[in-house]
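Engineer: Here's a sequence, model it:
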Amino acid sequence: MRGKVLMQDPQTALGNSLIPAAARIHVQGIHLPKNRLEARKLIREKIPRVPGIYGYIDRSKRLIYVGKSKALRHRLLSYTSKNPPDAKMTRIVRQAHALVWEPISHELLALLREQELISRWRPVCNTQGQPQRRQPVFLKLDMNAAPFATHARRVSHDTTHHFFGPIAGSKEVGHAIVSMNYAFRLRDCHSKTPMNYGNQLELFPELRSPMCIRAELGTCTAPCAGGCTQNEYESQAQAALAFLEGKDLSILIQLQENMFEGSQKQAFERAAIYRNQFDHLSWLSRRLEMLRKARKDLHGVFPIPGFNHQTVWAIFQRGTIQRMVATTETQDSHDQLLHQIQVALMDDQQPVPKSTHEIYMQLILMAWFRKHREDRHRIISFDAVSYTHLTLPTKA
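Structural biologist: Residues are numbered from 1 along each chain as shown. The predicted model follows:
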């Protein structure tokens, strides 16, 4: 459902936010003149050169595009330049009837606010971050009767499955899942396919044939046709689990050796298969390692300068953002923050994104601290939190 932004009340038009008011200046809006030079003059007069988000609105009062910038005035002037750097800018301005903007005290907060608005209003001109479009996924190791790797859009609380993610790039994850099942010789058939292990006792034994060609290719141990015992198959699944948890990466060494051996024997097609499996699993291993590092490092409170000498404290819990609290330099304000931290720590379980929006917010957070490594050192661990730590200087 496409939302509508009512320009008659621009201060409440964009809706509420996880980001406290201490880091946001009320939304303002202007009607855009069709004359390019007049529009540029109005942008120079009205829009400050500060971080924030902006939105273009059409004649039907629909939000058609949301963006963020470190300098709003400079970014919006580029939309009305004689030769915009992107043809998409021209299309947006051609459809737009009005412009709204919201100054925000920090670029990270602007990124999060931008994603909030994309998830809420689903602007037609935004291609990234849309709930219905290409979404991050979770890799799932199904630990039922005969474990195998697959993917999932959501995390369930079923203890018979292991979830890893979220991971951006569903196509790449799909390639990695195929390579995992082949490299660890796990099945990839339907979950309801009956399994008949070699050590199962039957009153009337019968000769079974594998239900796919993978057994003949040597890429599956054929648990459906008694090709292995249950313990043998479970040991393969445990090796796959150890790889996903980063505890045993020996499969990458094995794939390299197989690749070089195939090349030396001039079995180039087989060598190419091993090379592709190595590339896909290496990619997956790097992504999962970044997730593990983020969940370890992004666990504490992060101070962000707000407006009017206030500080916004982002409370991170294992790579996710749990809440934000604005404080001044008063004792009561800091006591409130300490209380919010205690509430966040009461739930010691791994936070799980409950929606596509929360998944995108988590990925934004991880990408920010991966790019801005210096900010990692400003995160205060929960064990080190005290009143002294929470009286850091802020800038308006």
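
Engineer: Gly165 against Leu141, yeah?
Structural biologist: No. At 11.5 Å, Gly165 and Leu141 do not qualify as touching, with contact defined as Cβ atoms under 8 Å. No exception for glycine: its C-beta is placed from N, CA and C like everyone else's.

Engineer: Could you list the buried residues of the longest helix belonging to the chain?
Structural biologist: For the chain, the longest helix by residue count, based on DSSP state H, is helix 268-297. Of all the residues in helix 268-297, those buried under the rule 16 or more other Cβ atoms under 10 Å are 271, 273-278, 280-285, 287-288, 291, 294-295, 297.

Engineer: Now Ala149: which helix or strand?
Structural biologist: strand 148-152 (DSSP states H and E).

Engineer: Show me what that strand is packed up against.
Structural biologist: Applying 3 or more Cβ pairs under 8 Å, 6 or more residues apart in numbering; DSSP states H and E, one finds that strand 148-152 contacts strand 137-142, helix 170-183.

Engineer: Run the chain-centre distance for that strand.
Structural biologist: In terms of Cα atoms, centre = their mean, to the nearest Å, the centre of strand 148-152 is found 18 Å from the chain centre.

Engineer: what's downstream of it, the next helix or strand?
Structural biologist: By DSSP H and E, the next helix or strand past strand 148-152 is strand 161-167.

Engineer: Now do the helices in the stretch 251-396 of the chain.
Structural biologist: 268-297, 331-346, 356-371 (DSSP state H, counting those that start in this stretch).

Engineer: Ser60: which of those is closest?
Structural biologist: Across the helices of the stretch 251-396 of the chain, Ser60 has its closest neighbour in helix 356-371 (24.4 Å, Cβ to Cβ).

Engineer: Quick one: list the elements packing against that closest one.
Structural biologist: Applying 3+ Cβ pairs under 8 Å, 6+ apart, one finds that helix 356-371 contacts helix 107-121, strand 161-167, helix 268-297, strand 320-327.

Engineer: can you put the ones you listed in TSV and add mean pLDDT and distance to Trp313?
Structural biologist: Conversion of the helices and strands packed on helix 356-371 to TSV gives the following (pLDDT from 0 to 100; distance: least, Cβ to Cβ, whole Å):
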stretch	mean pLDDT	distance to Trp313
helix 107-121	95	12
strand 161-167	91	25
helix 268-297	95	17
strand 320-327	91	5
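
Engineer: For stretch 124-133, list the C-alpha coordinates in CSV.
Structural biologist: What follows is stretch 124-133, C-alpha atoms only, in CSV (Å, rounded to 0.1, in the frame of the first residue of the first chain):
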residue,chain,number,x,y,z
VAL,A,124,8.1,4.4,-6.3
CYS,A,125,11.5,5.9,-7.3
ASN,A,126,13.5,4.2,-4.5
THR,A,127,15.0,0.9,-5.7
GLN,A,128,17.1,-0.1,-2.6
GLY,A,129,15.6,-1.0,0.8
GLN,A,130,12.2,-1.8,-0.6
PRO,A,131,10.3,-4.5,1.4
GLN,A,132,9.0,-6.2,-1.7
ARG,A,133,12.2,-6.2,-3.8
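
Engineer: rewinding a little: if you compare the helices and strands packed on strand 148-152, which one is most tucked away?
Structural biologist: Comparing these by mean neighbour count (mean count of other Cβ atoms under 10 Å), strand 137-142 ranks first with a mean of 22.

Engineer: Report the rounded mean pLDDT for it.
Structural biologist: Average pLDDT, strand 137-142: 92.

Engineer: and if you look at stretch 49-64?
Structural biologist: For stretch 49-64, the per-residue pLDDT averages 93.

Engineer: follow-up on the earlier one: dump the helices and strands packed on helix 356-371 into TSV; add distance to Ile177 as well.
Structural biologist: Below are the helices and strands packed on helix 356-371 laid out as TSV (distance: least, Cβ to Cβ, whole Å):
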stretch	distance to Ile177
helix 107-121	27
strand 161-167	11
helix 268-297	9
strand 320-327	24
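
Engineer: Looking at those, which is nearest to Gly306?
Structural biologist: Proximity to Gly306 (Cβ to Cβ) singles out strand 320-327 among the helices and strands packed on helix 356-371, at 6.0 Å.

Engineer: Give me the buried positions along the closest one.
Structural biologist: Thr320, Ile321, Gln322, Met324, Val325, Ala326, Thr327.

Engineer: Spatially, which two of these are the most separated?
Structural biologist: The span of the buried residues of strand 320-327, defined through Cβ to Cβ, is set by Thr320 and Thr327 at 21.2 Å.

Engineer: neighbours around Ala195, how many?
Structural biologist: Wrong residue type there; residue 195 is Met, not Ala. 17 (other Cβ atoms under 10 Å).

Engineer: Pro223 versus that one, what's the distance?
Structural biologist: Met195 sits 5 Å away from Pro223, going by Cβ to Cβ, to the nearest Å.

Engineer: what residues are shared contacts of those two?
Structural biologist: Residues within reach of Met195 and of Pro223 at once, by Cβ atoms under 8 Å, 6 or more residues apart in numbering, are Ala146.

Engineer: My guess is Val27 contacts Gly15. True?
Structural biologist: No. Look at Val27 against Gly15 with Cβ under 8 Å: they stay out of range, at 9.8 Å.

Engineer: From Ala110, how far out is Ile25?
Structural biologist: Ile25 is 12 Å from Ala110, by Cβ to Cβ.

Engineer: Looking at these two, which is more packed in?
Structural biologist: With neighbours defined as other Cβ under 10 Å, Ile25 and Ala110 compare such that Ala110 has more, 26 against 16.

Engineer: I'd say that one and Ser69 touch.
Structural biologist: Yes. The criterion here is Cβ under 8 Å, and Ala110 meets it with Ser69 at 7.4 Å.

Engineer: So for the two, which residues contact both of them?
Structural biologist: Residues touching both Ala110 and Ser69 (Cβ under 8 Å, 6+ apart) are Pro51, Gly52, Ile53.
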